[in-house]
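Trainee: the sequence and its predicted three-dimensional model are supplied below.
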Amino acid sequence: MLAEIGHFALILTLLVAIAQSVLPMLGAIRGDAALMAFGRSAASLQALLIAISFGSLMTLFGQADFSVKLVANHSALSQPLPYRLAATWGNHEGSMLLWVLVLSVYGAGIAKFGDNLRATLQARILSIQAMISVAFLAFALFTSNPFERLFPVPLDGAELNPLLQDPGLVFHPPLLYLGYVGFSVTFSFAVAALLEGRADPAWARWMRPWVLAAWIPLTIGITLGSFWAYYELGWGGWWFWDPVENASFMPWLIGTALLHSAIVTEKRGSLAGWTILLAIMAFSLSLIGTFLVRSGILTSVHAFAVDPERGVFILAMIIGATGTALAMFAARAPMLKSGALFGSVSRESGLTMNNLLLMALTAVVFLGTFYPVIMEAVSPANKISVGPPYYNLVFVPLATPLLLLVTIGPMLAWKRDDLATLGRKLLVPTAIVAALLAALVLAFGWQQVVAALGLALGAWLVLGAVLVLVRRWWGAGGFSLRLVRTTPAATIGLVLAHAGLGFTTAGIASMTSFAAEKILVMRPGETAVAGPVSVKMLGAEEVDGANYRALRARFTVAQNGREGLLISERRLYTVSGNQTTEAGIGVSLLGNQYVAIGDVQQDARGQGLVVRIYWHPLVGWIWFGGLLMAMGGCASLADRRFRIGAPQLRSPLAPTLVPAE
Amino acid sequence: MKRLLFILPILVFAGLAAFLGFGLTQDPKELPSQLIDRPLPEFALPGIVEGGPGLASASFRGEPRLLNVWASWCAACPQEHPVLERIAKEGFPVYGIAWKDKPEDSRAFLARYGDPYSGMGSDFPGRTAIDLGVTGAPETFVVDKKGRVRFKQIGPISPEIWEQQIKPLMQQLRAEA
Amino acid sequence: MKRLAMLLALLAASPVAAVMPDEMLPDAAQESRARAISKDLRCVVCQNQSIDDSDAPLARDLRVLVREQIAAGKSDAEVRDYVVARYGNFVLLKPPVEGDTLLLWLGPFAVLLLGGIGIAFWQRRRPTSTQDAAPLSAAERAELDRLAGSDN
């Protein structure tokens, strides 16, 4: 019964979405307030209906109702309840339902929190949002109906891949979806602006919270995904340049560019066309990400539901959405009013450079991901692969100037600045970082100069962020609590995000240069050393878990005179026969000790267990930085100015009162 | 000029969409062989029967032959087997390399499904397979009179592939000088 | 203990995670060269992993092969060429710089360069007239006043 309710609600959602895609747009064209108001109610109704549908599916998974094909194929009684519930979106059909749920929730959000928007703009946005809904709902209903029944009803289901049976997976895909789908809102903003022929500071200010609303979960999702790979896959890698990772990284890079270009449009009215283009691209790359995972065009360890037919559908959607938007861009963007001028040394100019470098970085990821497909078309006999060595070689030289710029940018004045002033401001941070660099080179030697540069770059970023606060809090009359109190939330956001980037940079530099590793066969009582870590194996035994059996080994780990206990397991999931490695990880501020066990193997001294011991210095900083960036986004989202209108620019050349970033 | 700048995004996108559409029609798992029109790499493998005859690359001379890389653990091999028997019956010699397969397992497989092979080598260490650029079983090479590889089939030979692609090629190779 | 042995047997049936101690070369310098080469070679059956990361049997064969070649005194380039001769450029995770791959290697820098030129061009040729941004609506102004008032 529940399955039928869910299915019916899904069909109703589609009908509501169809109406919502037409009527508010019509209202905006005709100036009909009633039709525009319909958009708002429809958006809420759509969200309610799809929530019922998704809730039904989740309940079916909770009840382990194996008469539903999807439940039978993707969950088993032996799984703990939270993982059975998470199995709702751990498969293609369910994840599509989650996708449309998130889409509708954003739509309802625009209806609810968009009171300050121009009525016609809001109506257009809601219509465009509904058009995207219609496409995905039709996709879910016609090619991947999650509520299909199964007969005869099996007694137990097939288990979710245990690698995916992990708290990381419970949150990772929904967060990524919040990000991907969130960019549908900015896409709708962009298309609506093109339709209205108007992309002014007010428009940018309205859009910016929605950019943040997509960027924050995407940042957390990518961070969590990286962390999950680190502790689950069993050898401590934290980023693989896998196509699926790249698929989430590209919208993130573009989204980051969009966050910054929208500031320029909001504050100065400039770069409007560029901001629109970025908003379209962010969503297109999100769609292409989905396309990648589901079409089998690029195989990946992550891919599920590899199916060319679905790929064709999604490709049609990408072409429909992006093609239409870009065609409109070509036709209408040249007519957009251009905003204020700015000098070649100015905050605007710095943000333009930021955008340019982010575009180049996106091009690295994009070309790396798609070049094999392109090569296949151009010269099929010469198939190529693109992997980590390519990315490391090309990404780093382009990322370095961007990171240098991150600290310089906030020091620049809007409109026009001069190099002499900038030089004075840069004197202190440059001196401090140069001293640090010298100390690092002295400490580690010239062989590790790259690591020293990376760590110094991290310090440069953190210092630059802190200096933003220092300059704000120490006014002409010294430190002032009033200045602390009046610091806009958005400035706090900038500081957190830029500092977070610094921590991530330092973590990456340290992991790249100083990570240590030892792989060997060990028997109880033996000791091995990797970098500064000394590991002694205590023993191994068999244990039984909820739905798995495991081989568990215990180790004592000593470092700098301190000792701890680590446990590593290899699990055998009894229903599916799948295996996973649960590494033992000793976490500290300076780095992680990581011990993973493998097969039984013979060596010169007899039979023992293969043990992998790693020392991962500062690895936690990578994710801490990611979370800090997300927190910065949250702070920025909390800024008061998003709840009021845009600033009035009388004349761009006259002094204007603009809130600080 | 300025106008062109605004049209650029859609042009780039159109090109990309074409490539993606094309990508959908391709199987990313298939790897083209490096050996086409090159001599078969040298090997001299032991047989699957102890003391029995093995298989050497030197014997691929004088008439076109098929070289089939298979294994008892390979899921698609039983499905391909009847086709190999038919090929042998039609008078085209098929040679085999049992890849990463224990000789006793290979023997058991042939005892169960029949033995269409004119000769068999055992490549338990898998080194010859690497020389051949093998990525999975089954794979089949067409070797001409001069011992050069002319074609490589990745995956099982279906009756259609045999009739439409490989058989005509074999006949043509027989006619070659 | 018997159950433990059984579990071990089951677990051993499919190895997890890459390089095994029994594959490694005794000479540390040679082993680290082998690791570096392995990280640049793609496991042809697993598609998105290097042979150093992959637990596929074919990847293991290739790791062993790389080590044999190194032990036999081959240079890094010779070892790579050996594998490329068998599997093609496909096995290189860092594709060679050739005519076909110029766009891959230079594309991102071209974006930077062309973008930079575009920006410079756009800044110079921009019309000097500028328009005012849209003024606040009455409702927005009222809200602004309210918020400003509540601040004091």
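Mentor: Good, I have the coordinates. Predicted model, so just to flag it, every value in this text is computed and none were measured. Numbers count the residues shown, from 1 in each chain, chains lettered A, B, ... in the order given.
Trainee: which ones are touching the residue nearest the centre of chain A?
Mentor: Of all residues in chain A, the one closest to the mean position by Cα atoms, centre = their mean is residue A:218, 2.7 Å from it. With contacts defined as Cβ atoms under 8 Å, 6 or more residues apart in numbering or on different chains, the neighbours of residue A:218 are A:175, A:176, A:178, A:179, A:180, A:182, A:248, A:251, A:252, A:255. Glycine gets a C-beta too; all of them are placed from N, C-alpha and C.
Trainee: how many residues are close by residue 34?
Mentor: No chain specified, so I'll use chain A. For residue A:34, the count of nearby residues is 8 (other Cβ atoms under 10 Å in any protein chain shown).
Trainee: the chain in question should be chain C.
Mentor: Every residue meeting other Cβ under 10 Å relative to residue C:34 is counted, giving 26.
Trainee: wasn't it part of a strand?
Mentor: No: the assignment for residue C:34 is helix, going by DSSP: H, G, I helix; E, B strand; the rest coil, so no strand is present there.
Trainee: all helices of the stretch 451-600 of chain A, in order?
Mentor: Assigned by DSSP state H, counting those that start in this stretch, the helices in the stretch 451-600 of chain A fall at A:481-485, A:489-514.
Trainee: oh, I was asking about chain C
Mentor: Assigned helices in chain C, in chain order: C:2-12, C:28-40, C:57-71, C:76-87, C:102-125, C:138-151 (criterion: DSSP state H).
Trainee: ok, residue A:507 touching residue A:616?
Mentor: No: using Cβ atoms under 8 Å, residue A:507 makes no contact with residue A:616, being 9.3 Å away.
Trainee: looking at chain C, which helix or strand is least sure?
Mentor: Across the helices and strands of chain C, mean confidence by mean pLDDT, DSSP states H and E is lowest for helix C:2-12: a mean of 43.
Trainee: chain C contacts on chain B?
Mentor: Proximity of chain B to chain C is confined to B:2, B:5, B:28-29, B:31-32, B:34, B:100, B:125-127, B:129-133, B:135-136 under the rule Cβ under 8 Å from any Cβ of the partner chain.
Trainee: quick check on the contacts of residue A:218: which are buried?
Mentor: Neighbour-count burial (16 or more other Cβ atoms under 10 Å in any protein chain shown) applied to the contacts of residue A:218 gives A:175, A:176, A:178, A:179, A:180, A:182, A:248, A:251, A:252, A:255.
Trainee: quickly name whichever of those residues is closest to chain B.
Mentor: When those are ranked by distance to chain B (Cβ to the nearest Cβ), residue A:251 comes first, at 15.4 Å.
Trainee: I'd assumed that closest one was in a helix, is it?
Mentor: Yes: applying three-state DSSP, one finds residue A:251 inside a helix.
Trainee: right, and it touches residue A:178 too?
Mentor: No: counting by Cβ under 8 Å, residue A:251 does not reach residue A:178; the two are 11.7 Å apart.
Trainee: doesn't residue A:204 make contact with residue A:266?
Mentor: Yes: counting by Cβ under 8 Å, a contact exists between residue A:266 and residue A:204, whose distance comes to 3.9 Å.
Trainee: so where's chain C uncertain?
Mentor: Applying pLDDT under 70 to chain C flags residues C:1-17, C:47, C:124-152.
Trainee: get me the contact residues on it for chain B.
Mentor: Applying Cβ under 8 Å from any Cβ, we find that chain C lies next to chain B at C:44-45, C:47, C:57-58, C:61-62, C:65, C:85-88, C:90, C:118, C:125.
Trainee: gap between the longest helix seen in chain B and the chain center?
Mentor: Looking across chain B with DSSP H, the single longest helix is helix B:2-24. Per Cα atoms, centre = their mean, to the nearest Å, the displacement of helix B:2-24 from the mean C-alpha position of its chain is 38 Å.
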